[in-house]
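Undergrad: can't give you the sequence, but here's the structure:
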C-alpha cells in the first residue's frame with residue numbers, strides 16, 4: 001500500500017529490456033519451481049536499449065508474472081514471456097501470457113482499478129495491476145489485456161524508446177483493450 005501511494009522520482013536511463021525480463025523471471029523462479037510450471041522465454045535479441053526506470057519496469061513484470069503463476073493450475077501451467085521491437089513506432093513490446101483460468105469481460109473492465117481484486121480471502125489488496133498501469137503510464141506506454149474464461153490471459157506492455165518529458169503525458173483513465 002505504501003509503495004503504491006509513494007510516487008518516487010523515476011530514474012530514467014538506457015536499459016536492456018531483455019535483461020529486465022530475465023531478472024523478473026529470476027525473481028519469481030522460486031514460485032515457478034514450487035508450482036512445477038513450464039516457462040517459455042522468447043526474446044528479440046535485436047531490441048535497442050530504451051530509456052526507462054529499470055526498477056519500475058522490473059516491478060511491473062514481477063507483478064504480471066506473479067499474477068500469471070496464480071492463474072494457472074499447479075503442474076499444468078505454462079508461462080510465456082516475450083519481447084519484440086516495433087521499429088515503425090519506435091517502441092518495445094513485452095508480452096506475459098499464461099494458460100490459466102482467464103478473465104471475463106466484466107472483470108477486465110475493473111482489473112486496473114486500485115483495490116479491485118478477485119482474490120478475496122487470499123491477502124490480496126488489489127493493487128498489483130493498478131501499480132503496473134501507473135508504471136506504464138509514467139513511461140508513456142500502453143498496456144493491453146487479452147483474455148477469456150478458460151483461455152488464459154495475455155498482457156502486452158508497449159514502451160517507447162524514449163519516454164515523454166516528466167509531466168508531459170496525461171495518465172490514462174483505463175488502458176486500451178483492442179484485441180489483436
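TA: Alright, I've got the coordinates. Note that this is a predicted model, so its numbers are computed, not measured.
Undergrad: Relative to residue 107, how far out is the closest residue to residue 74 other than its chain neighbours?
TA: In this structure, residue 74 finds its nearest non-sequential neighbour in residue 35, 4.7 Å apart by C-beta to C-beta, 6 or more residues apart in numbering. Bear in mind the C-beta positions are built from the backbone N, C-alpha and C, glycine included. Relative to residue 107, residue 35 is positioned 22 Å away (criterion: C-beta to C-beta, to the nearest Å).
Undergrad: The residue nearest to residue 74 against residue 77, yeah?
TA: Yes: contact criterion C-beta atoms under 8 Å: residue 35 and residue 77 qualify, at 6.3 Å.
Undergrad: Looking at these two, which has the bigger crowd around it?
TA: Per other C-beta atoms under 10 Å, whichever of residue 35 and residue 77 has more neighbours is residue 77, with 21 against 16.
Undergrad: Show the contacting residues for the more buried one.
TA: By C-beta atoms under 8 Å, 6 or more residues apart in numbering, residue 77 lies in contact with 35, 37, 38, 68, 69, 71, 98, 99, 100.
Undergrad: What separation do you get for the last one and residue 56?
TA: Plainly put, residue 100 is 25 Å away from residue 56 if you go by C-beta to C-beta.
Undergrad: With the second one instead?
TA: As for residue 37, its distance to residue 56 is 25 Å (criterion: C-beta to C-beta).
Undergrad: Name the helix or strand for residue 97, please.
TA: Per DSSP states H and E, residue 97 falls inside strand 91-98.
Undergrad: burial measure for residue 16, as a count.
TA: Residues near residue 16, counting by other C-beta under 10 Å, number 15.
Undergrad: residues touching the closest residue in space to it that isn't next to it in sequence, list them.
TA: Among residues not flanking residue 16 along the chain, residue 49 sits closest, at 5.8 Å (C-beta to C-beta, 6+ apart). By C-beta under 8 Å, 6+ apart, the residues touching residue 49 are 14, 15, 16, 17.
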